[in-house]
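# got a structure for you, letters missing:
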């Protein structure tokens, strides 16, 4: 999405009150967050470095043209001048794959930078998902607290009238007062949570310092889709940018081992040239008639370097072992997290229908308690307990529903599929 579409999207949201979906919030964040732009620049730099490294495979050609003058102090000898020029070509013929490994290393660095870009993108998306659902959760809890406050206030006013008429005891009035105070405290707390989560959402979208008003829908019903563990594990191994980065680090360490070995082995280089020199300025005709051809093949054999090369080989092997250990450790950690996430989501799938049934029962229980209380066959305590039961059932369902949605986003992030939804 380009800047113009982003501007239009925000304009529609603010002018006609249209609510932004989580996908629209993600696309706004991807346009605004600087961390993704830095990651894109890192990819561009790695690509240029790879192209520069590829040029090492080609011969090096140089043209030269020089002038020198020699004088002899106060002697009578005349100063001598010398002009020289030529073209030289040099090429490494054989170095046990050192240049090829350098090229492979730059290609590996480029692939790693692309995975880091995916990693940065996924972090942005996950933040938006998390704070978007946190905002919706706190918004619904705030609405529930508002309804509870209105209900408890109405109840207090009714009991107060009955108390003044002598129809109920002071105990009933005090219980209603406590219930109202508790509801008011809960309302203020949830109002603060809603405001804080709105700030967090704006920050995740890159709009914290912007005056743009963002309208977010007040309620959604997240859909839970939980894969089997084996399916999820295979997806994670294939797509996870975190694991791919660590795997690339192993590849880079393997290449470094090969480079360390090749630096301790002989290398063969070739150079050819055409050069001419004269006491007068060199012309094209003079060069064609007087150039000197030269060709040179050299073999360089490392004999002793103060054990530096031997130490380099040992260091590269240890770094390879570190990279492999880190990969296996993180893979096992990710496997445990995956197992826990899938079990948690399966648990949510079982809990949500139960909580929906509990909510229906709580609503019916409150309706009956109100009827009984109005008829005088139920105490104020029974009515307050029924009201509290409804609030608890509603709040529990809201929390579970949006916590489950956040865990789905965490699962997609772990599997490496979250960023691919926005390619």
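Perfect, I can see it now. Predicted model, so just to flag it, every value in this text is computed and none were measured.
# any idea how far residue 178 is from residue 184?
Applying C-beta to C-beta, to the nearest Å, the value for residue 184 to residue 178 is 11 Å. (Each C-beta comes from the backbone N, C-alpha and C, glycine too.)
# The nearest residue in space to residue 274 that is not next to it in sequence: how many residues sit nearby?
Spatial nearest neighbour of residue 274, excluding adjacent residues (C-beta to C-beta, 6 or more residues apart in numbering): residue 291 at 4.8 Å. A total of 17 residues lie near residue 291 under the criterion other C-beta atoms under 10 Å.
# ok, now which ones touch residue 291?
86, 274, 275, 276 (C-beta atoms under 8 Å, 6 or more residues apart in numbering).
# ok, the residues you listed vs residue 365, which is closest?
residue 86 (100.3 Å; C-beta to C-beta).
# right, and the closest one touches residue 271 too?
No - at 11.8 Å, residue 86 does not count as touching residue 271 under the criterion of C-beta atoms under 8 Å.
# Those two: which has the busier surroundings?
Between residue 86 and residue 271, counted using other C-beta under 10 Å, residue 86 has the larger neighbour count: 20 against 15.
# sec struct for that one, please.
strand (DSSP: H, G, I helix; E, B strand; the rest coil).
# try the one 10 residues further on
State at residue 96, reduced to three classes by three-state DSSP: coil.
# just checking, it touches residue 265?
Yes - counting by C-beta under 8 Å, residue 96 does reach residue 265; the two are 4.6 Å apart.
# Work out the gap between the strand or helix carrying residue 66 and the centre of the chain.
Assigned by DSSP states H and E, residue 66 falls within strand 60-70. In terms of C-alpha atoms, centre = their mean, to the nearest Å, the centre of strand 60-70 is set 52 Å apart from its chain centre.
# I would like the residues contacting that strand, please.
79-91, 275, 282.
# 7 Å instead?
79, 80, 81, 82, 83, 84, 85, 86, 87, 88, 89, 90 (C-beta atoms under 7 Å, 6 or more residues apart in numbering).
# What of stretch 296-305?
Applying C-beta under 7 Å, 6+ apart, the contact partners of stretch 296-305 are 264, 266, 267, 268, 269, 270, 271, 309.
# What residues sit buried inside it?
Neighbour counts over stretch 296-305 (16 or more other C-beta atoms under 10 Å) mark no residue as buried.
# avg pLDDT for that stretch?
For stretch 296-305, mean pLDDT rounds to 80.
# returning to what we had before: I'd like the contacts of strand 60-70 as TSV, with distance to residue 25 and pLDDT appended.
Shown next, in TSV, are those (distance: C-beta to C-beta, whole Å; pLDDT from 0 to 100):
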residue	distance to residue 25	pLDDT
79	79	66
80	79	74
81	75	78
82	73	82
83	71	84
84	68	87
85	66	84
86	65	86
87	61	89
88	60	88
89	58	85
90	57	86
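# which of the residues you listed lies closest to residue 245?
Of these, the one sitting nearest to residue 245 (C-beta to C-beta) turns out to be residue 90, at 37.1 Å.
# tell me which element that closest one is part of?
Going by DSSP H and E, residue 90 is part of strand 80-94.
# go on, residue 401?
helix 380-415.
# Quick one: list the elements packing against that helix.
The helices and strands touching helix 380-415, judged by 3 or more C-beta pairs under 7 Å, 6 or more residues apart in numbering; DSSP states H and E, are helix 98-164, helix 170-204, helix 229-239, helix 308-375.
# Is the closest residue to residue 312 other than its chain neighbours part of a helix or strand, or is it coil?
Among residues not flanking residue 312 along the chain, residue 260 sits closest, at 4.6 Å (C-beta to C-beta, 6+ apart). What three-state DSSP gives for residue 260 is helix.
# what about residue 260, neighbour count?
Neighbours of residue 260 (other C-beta under 10 Å): 21.
# try residue 413
Neighbourhood size, residue 413 [other C-beta under 10 Å]: 22.
# so how far is residue 403 from it?
15 Å.
# Same check on residue 45?
Distance from residue 45 to residue 403, by C-beta to C-beta: 40 Å.
# Counting neighbours around each, name which of the two comes out higher.
Taking other C-beta under 10 Å, residue 45 and residue 403 do not tie; residue 403 has more neighbours (16 against 13).
# Looking at the more buried one now. What's its pLDDT?
In this prediction residue 403 is given a pLDDT of 95.
# The one 10 residues further on too?
According to the per-residue confidence, residue 413 scores 95 in pLDDT.
# residue contacts, it?
Counted by C-beta under 7 Å, 6+ apart, residue 413 has contacts 122, 126.
# 34 is where my numbering starts, stick with that
All set: I'll call the first residue 34, so the last point we hit is now residue 446.
# sorry, back to before: can you redo the contacts of strand 93-103 as CSV with distance to residue 234?
Shown next, in CSV, are the contacts of strand 93-103 (distance: C-beta to C-beta, whole Å):
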residue, distance to residue 234
112, 80
113, 80
114, 77
115, 75
116, 73
117, 71
118, 68
119, 68
120, 65
121, 63
122, 62
123, 60
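# Select only the buried ones of those residues in PyMOL?
Buried members of the contacts of strand 93-103, defined by 16+ other C-beta under 10 Å, are picked up in PyMOL with:
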select buried, resi 116+118+119+121
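# Could you count how many residues lie near residue 393?
Around residue 393 there are 11 other residues, counting by other C-beta under 10 Å.
# which among the contacts of strand 93-103 gets closest to residue 221?
Nearest member of these to residue 221, counting by C-beta to C-beta, is residue 123, at 78.0 Å.
# ok, residue 151 - contacts?
Applying C-beta under 7 Å, 6+ apart, the residues near residue 151 are 274, 452.
# Report the buried residues of stretch 177-197.
Of the residues in stretch 177-197, those buried (16+ other C-beta under 10 Å) are 177, 178, 181, 182, 184, 185, 188, 189, 191, 192, 195, 196.
# ok, now stretch 131-141?
By 16+ other C-beta under 10 Å, the buried positions in stretch 131-141 come out as 131, 132, 133, 134, 135, 136, 137, 138, 139, 140, 141.
# okay if I get these as TSV plus distance to residue 151 and pLDDT?
Formatted as TSV, those follow (distance: C-beta to C-beta, whole Å; pLDDT from 0 to 100):
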residue	distance to residue 151	pLDDT
131	31	81
132	29	82
133	27	87
134	26	88
135	25	87
136	23	89
137	21	91
138	21	92
139	19	93
140	17	94
141	16	94
